[in-house]
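S.K.: The sequence and its predicted three-dimensional model are supplied below.
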Amino acid sequence: MTTDAKQSLTVFAAVTAEIYPTSIRAVAQGFTFNVGRLGSAVAPFLVGSLAQSQGFGVAFSMLAGALLVGAATWIWLPETRGRGVAA
């Protein structure tokens, strides 16, 4: 599981390096990564609390729904093929 998380961050770093303009790239990537870290720190507590109060089925369904929403929003990222990195 840890290896999968590291690999997804590697891919995400390549994508975010291309979509942010050079003038704000470092700040935007830092903000994006730290929001992700905050989410990964809070998620186990939320899923555990929800599982305890509503059951594992509800908790994992909510988690799956959130992951599907995240995957579905990926299609709205701008295409960067052929665009310079310094854009």
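M.R.: Good, I have the coordinates. Numbers count the residues shown, from 1 in each chain.
S.K.: What is the longest helix of the protein by residue count?
M.R.: helix 25-54 (DSSP state H).
S.K.: List the buried residues of the next helix or strand after that helix.
M.R.: As assigned by DSSP states H and E, the chain's next helix or strand after helix 25-54 is helix 56-73. Within helix 56-73, the residues scored as buried using 16 or more other CB atoms under 10 Å are residue 59. (Glycine included, C-beta is placed from N, CA and C.)
S.K.: tell me the angle helix 56-73 makes with helix 25-54.
M.R.: 160 degrees (axes from the mean of the first three to the mean of the last three CA atoms, to 10 degrees).
S.K.: mean confidence score for helix 56-73?
M.R.: Averaged across helix 56-73, the pLDDT comes to 88.
S.K.: if we can go back for a sec, other SSEs contacting the longest helix of the chain?
M.R.: Judged by 3 or more CB pairs under 8 Å, 6 or more residues apart in numbering; DSSP states H and E, the packing partners of helix 25-54 are helix 2-19, helix 56-73.
S.K.: For the protein, which element, helix or strand, carries the lowest mean pLDDT?
M.R.: Here the helix or strand of the chain ranked lowest by mean pLDDT, DSSP states H and E is helix 2-19, holding a mean of 66.
S.K.: Which pLDDT value goes with the residue minimising distance to the centre of the chain?
M.R.: The centre of the chain sits closest to residue 36, judged by CA atoms, centre = their mean, with a distance of 5.5 Å. Predicted confidence (pLDDT) for residue 36: 81.
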